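>>> sequence? don't have it. structure:
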């Protein structure tokens, strides 16, 4: 009995010692309070200096994010500056911050898989979309420099799961977004592809030229969406001559053909019944404007959310919008311009008289 009691006391003491508090901050197992008792500092004996060894970065690709962890105290022991560990961007949101993970002081960073976020790039091949970036870990220079900077390539790959194999010789423009599902506890990456054929097998490339009245075939898909739990619906698609959307020309409104354009401008082939929505669409131009902005609203439904269209019966209700996509084109330019500045939507370029749509990716985690 006494032995058991003694062990319990020792365990309690060890637990307190392992969770040292410095003015409210809990130190990790590989840290201790500084001499002033005001801040956690790395223990000098936990790690050893290892010349020429690359930092060991733990990268996971869950929740449609880069999830990065690297030992803060190991970096300090090996001459790295832990105040400036970042992705390939000077934006403060791309900096890693200290967090105690399983008792260890880690530098952690989570960023969404969005093209242009922290200068993340998206690359497409026949089977996957691959998000790439670089993690910069700089050598400490004060008082002396003993370690070179480390630049580590990181990547997350997601399967497209499309039925038709993509032609990898094409060079489609890629845009991405991350939105939450109806339960707000899951993230999605989605893919939107513009095809040149009605079988949805030949993707449109950035070298294709399309003129007004040409037809393209739009596919919006959530490859890994659980079709038994959720359905994808494109609620609205509208165009504007300005980015303020003061004047909207609806191609699709609440799942039905918009009244601002001819009925055959955009046709609903399938929408709100599964993980993919399909729309044949005729290329068009807004008069008296060199710039066209296109907006699309997406929703995820927990049941079938098809819309009954017609002059006598139209659904009055609409599912909550989960995200909005915005694209624009400067018609005076001959090159394609991709706008991925908004993290709340996905973006695609088009040209007038040429029209190009991009890929948009969403993955449930």
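Noted; the coordinates are in hand. Computed from a predicted model, the values in this text were never measured in an experiment.
>>> any idea how the chain splits into domains?
58-98+108-159, 160-308+319-365 (automatic domain parsing).
>>> Where among those domains is average confidence lowest?
Mean pLDDT is lowest for domain 160-308+319-365 among the domains of the chain, at a mean of 67.
>>> thinking again about what came up before, mind giving me TSV with the domains of the chain and columns for mean neighbour count and distance to residue 38?
Every residue, glycine included, has its C-beta placed from N, CA and C. Shown next, in TSV, are these (neighbours: other Cβ atoms under 10 Å; distance: least, Cβ to Cβ, whole Å):
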stretch	mean neighbour count	distance to residue 38
domain 58-98+108-159	17	15
domain 160-308+319-365	18	37
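>>> would you turn these into JSON lines with distance to residue 27?
As requested, these are arranged in JSON lines below (distance: least, Cβ to Cβ, whole Å):
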{"stretch": "domain 58-98+108-159", "distance to residue 27": "11"}
{"stretch": "domain 160-308+319-365", "distance to residue 27": "31"}
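>>> among the ones you listed, which is nearest residue 50?
domain 58-98+108-159 (6.1 Å; Cβ to Cβ).
>>> circling back to that earlier point, indicate which one of the domains of the chain is closest to residue 45.
Comparing those by Cβ to Cβ, domain 58-98+108-159 comes nearest, at 9.5 Å.
>>> what residues are up against residue 54?
150, 152 (Cβ atoms under 8 Å, 6 or more residues apart in numbering).
>>> pLDDT wise, what is it at?
On the pLDDT scale, residue 54 is placed at 92.
>>> how far away is it from residue 78?
10 Å (Cβ to Cβ, to the nearest Å).
>>> repeat for residue 275
With distances taken as Cβ to Cβ, residue 275 is found 46 Å from residue 78.
>>> Likewise for residue 33?
To residue 78, residue 33 is 23 Å away according to Cβ to Cβ.
>>> repeat for residue 241
Distance from residue 241 to residue 78, by Cβ to Cβ: 56 Å.
>>> With residue 137 instead?
Residue 137 is 10 Å from residue 78, by Cβ to Cβ.
>>> surely residue 230 meets residue 186?
No. Residue 230 sits out of contact with residue 186 when judged by Cβ atoms under 8 Å, with a separation of 9.1 Å.
>>> For residue 287, identify the helix or strand it belongs to.
Following DSSP states H and E, there is no helix or strand that holds residue 287.
>>> Could you shift the numbering so residue one becomes 59, and keep it that way?
Sounds good: first residue 59 from here, last item residue 345.
>>> Please give me every residue in contact with it.
With Cβ under 8 Å, 6+ apart, residue 345 has no contacts at all.
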